[in-house]
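A.B. asks: structure of the sequence below:
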Amino acid sequence: MRFYSLTFILVAASASLGLAAPLDMSNAKTLSTDSLDAVEWTCDKDWNVCGVCNGSSCKIAGINTDCKHGSCGGPKGGDGKHCGWKHGGDTHCPPR
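C.D. replies: Numbering: from 1, shown residues only. Okay, the predicted model is just below:
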């Protein structure tokens, strides 16, 4: 019985250490604030929302969206290339 209790305590303690580990922020986007103190990410090409190519689609906030302009699967595309959209607009991907 003591063995199971000790094992549970060790597993719980190691899991909490893993959750408290610092994140690697070297690839993180930078934050900027506008006059209304609203937070938005700085993106390429005057996009308000940005993501990266994931296969033939643009992955923004974990959701794959279809490219309306350009192509992530084209010769200038590929996984990890930047893509995005302006608020209320279509998804722009690298040119074909």
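
A.B. asks: so what's K76 closest to, chain neighbours aside?
C.D. replies: Excluding the flanking residues, the one nearest K76 by Cβ to Cβ, 6 or more residues apart in numbering is P94, at 4.4 Å. Where C-beta positions appear, they are placed from N, C-alpha and C, glycine not excepted.

A.B. asks: ok, now which ones touch the one you found?
C.D. replies: By Cβ atoms under 8 Å, 6 or more residues apart in numbering, P94 lies in contact with C53, G70, S71, C72, G74, K76, G77, G78, K81, H82, C83.

A.B. asks: what about those, which one has the most neighbours?
C.D. replies: For the contacts of P94, the largest number of neighbours (other Cβ atoms under 10 Å) sits with C83, at 29 neighbours.

A.B. asks: which helices and strands sit right next to the helix or strand harbouring G84?
C.D. replies: Taking DSSP states H and E as the definition, G84 sits inside strand 82-85. Contact here means 3 or more Cβ pairs under 8 Å, 6 or more residues apart in numbering; DSSP states H and E; on that basis strand 82-85 packs against strand 49-54, strand 57-60.

A.B. asks: which other residues reach that strand?
C.D. replies: With Cβ under 8 Å, 6+ apart, strand 82-85 has contacts from 43-45, 47-53, 58, 60, 65, 67, 70, 72, 91-94.

A.B. asks: and with 7 Å instead?
C.D. replies: Applying Cβ atoms under 7 Å, 6 or more residues apart in numbering, the contact partners of strand 82-85 are 43-44, 47, 49-53, 58, 60, 67, 72, 91-94.

A.B. asks: from these, which is closest to R2?
C.D. replies: V52 (49.8 Å; Cβ to Cβ).

A.B. asks: looking at the contacts of P94, which is nearest V11?
C.D. replies: Checking the contacts of P94 against V11 with Cβ to Cβ, the nearest one is C53 at 38.6 Å.

A.B. asks: can you show me the strands along this protein?
C.D. replies: 31-33, 39-41, 49-54, 57-60, 63-65, 82-85 (DSSP state E).
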